[in-house]
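S.K.: Give the three-dimensional model of this entry:
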Amino acid sequence: MLKCVLIMALMSLSCTASDLVGDVRTAAGQNDYARADGYIQNYEANRGQTPESVLVLSWLARTALAQKKYDQADRYAEDTYQRVLLGASIEVEAQVLAAKGQRTEAVSMLEAELKKYSATSIHARIQNEYHHQ
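M.R.: Now for the predicted structure:
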């Protein structure tokens, strides 16, 4: 019985990036954005944020735009932007401070950013950097 449970657990973790891309594209093409979001959340819960998970967000933005779902397209575009540019900027800034021996300042900056972006998609990325300081 334990062997079956372990096999099932491993199978659930084996979702590849190509599976994610295909699944999200199919769901979005069927106008099922809740399912597409679920695929991304599940993937990132198991693997963390990856270039592929950010890429599919940009595809969702384009698909929503093509379907004239402007508010949704804007949300996905903003999410993609935050994850890529803003998240990377915050990470680098904290790492520079720490590398200069200003760890306390790095932690303080990350704490402020965590509060500022608590309800956004980059919260987890900032929190991960915070735990590495």
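S.K.: How about residues contacting the helix or strand where Arg62 lies?
M.R.: Secondary structure assignment for Arg62, by DSSP states H and E: helix 51-66. The contact list for helix 51-66 (C-beta atoms under 8 Å, 6 or more residues apart in numbering) reads 17, 20-21, 24-25, 28-29, 33, 36, 40, 43-44, 47, 70, 72-74, 76-77, 79-80, 83-84. In short, each C-beta sits where N, CA and C put it, glycine included.
S.K.: average pLDDT across it?
M.R.: Computed over helix 51-66, the mean pLDDT rounds to 91.
S.K.: Looks like Asp79 contacts Ser121 (just checking).
M.R.: Yes - assessed by C-beta atoms under 8 Å, Asp79 is found in contact with Ser121 at 4.8 Å.
S.K.: so what's the residue nearest the centre of the chain up against?
M.R.: Compute the mean C-alpha point of the chain, and by C-alpha atoms, centre = their mean the closest residue is Gln49, 4.4 Å away. Contacts for Gln49 (C-beta under 8 Å, 6+ apart) come out as 83, 124-125.
S.K.: from these, which ones fall inside helices?
M.R.: Among the contacts of Gln49, DSSP state H puts 124-125 in helices.
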